[in-house]
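Chemist: just a sequence and a predicted model for now, questions to come.
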Amino acid sequence: MNNQAAEGREVWDRFIVFEGIDGTGTTTQRHLLSATLTERSIPFHSTAEPTDSEIGRLIRRVLSGDLRIEPETLAYLYAADRNEHLYGPQGIRDHLESGEVVICDRYIFSSLAYQGCTCGLELPDRLNQGFPLPSLLIYFELPPERAVSRISGRGAPDLFERGEFLSQVSRAYEGILERFEAQGMKILRVNGARSIPEVAEDIRKAVLS
Ligand code: TYD
């Protein structure tokens, strides 16, 4: 399942990652893509980071403001959660090896973008360097103001769900995507401002092509 691509890393076939700032609709679209794959009897595994493991739960306590830790420590936690998510029992590697498509909501690009903004790029870059790349990255584009107005209907904002910060993250994503794109990684940018069915159709076409 492995090829070599961007930055000399392994690329894992059938590994699809959704990325975007908070509020861009990745969760909704992950569920819709899951429904499409089910209809077509294509075996898949749908998952997300942070995970619901003990490490993921610790991360969510930080996001909710219940636990305060240094931004660098949080970068380590995301990387630890990811390592387990990839290689632990019933992890992404196991699902891919059994022939499934894996759809993962957020991955290393979230760490490079978000932690890049809170503790500089060097640490998240180093912590995430050894992880394999997806064969397709779907990036949800949405102006940060639109994202914030969607999030504001959902109750108390998480640590990162603030307008000015999401604008910074959005700019950070642009740089990161350019860097991986320049090295041959396959990226589909979808305009997340359109209707849910329109976005779902773009994703369906890219995944089934
Ligand atoms: P998110 O997918 O938005 O969770 P939910 O759908 O439950 O709100 O992820 C939670 C937050 O974690 C989000 O603000 C992005 C952030 N995040 C990072 O900062 N770094 C990472 O490596 C990952 C995976 C997520």
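Modeler: That came through, no problem.

Chemist: where does the protein have its least confident helix or strand?
Modeler: Of all helical and strand segments in the chain, the minimum by mean pLDDT, DSSP states H and E falls on strand 2-4, at a mean of 67.

Chemist: where are the low-confidence patches of the protein?
Modeler: 1-6 (pLDDT under 70).

Chemist: so where do the helices sit in it?
Modeler: Assigned helices in the chain, in chain order: 26-39, 54-64, 71-87, 92-97, 108-110, 116-119, 122-128, 144-151, 163-182, 196-208 (criterion: DSSP state H).

Chemist: can I get those in CSV with mean neighbour count?
Modeler: To be clear about C-beta, it is placed using only N, CA and C from the backbone, and glycine gets the same treatment. Shown next, in CSV, are those (neighbours: other CB atoms under 10 Å):
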stretch, mean neighbour count
helix 26-39, 16
helix 54-64, 16
helix 71-87, 19
helix 92-97, 18
helix 108-110, 26
helix 116-119, 20
helix 122-128, 18
helix 144-151, 17
helix 163-182, 17
helix 196-208, 15
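
Chemist: near the ligand, which residues of the chain are found?
Modeler: Residues of the chain that fall close to the ligand, judged by CB under 6 Å from any ligand atom: 22, 27, 48-50, 63, 78, 105-106, 110-111, 114-115, 158, 160.

Chemist: what is the burial count for the closest residue to the ligand within the chain?
Modeler: Nearest residue of the chain to the ligand, counting by CB to the nearest ligand atom: Tyr114, 3.0 Å away. Neighbourhood size, Tyr114 [other CB atoms under 10 Å]: 26.
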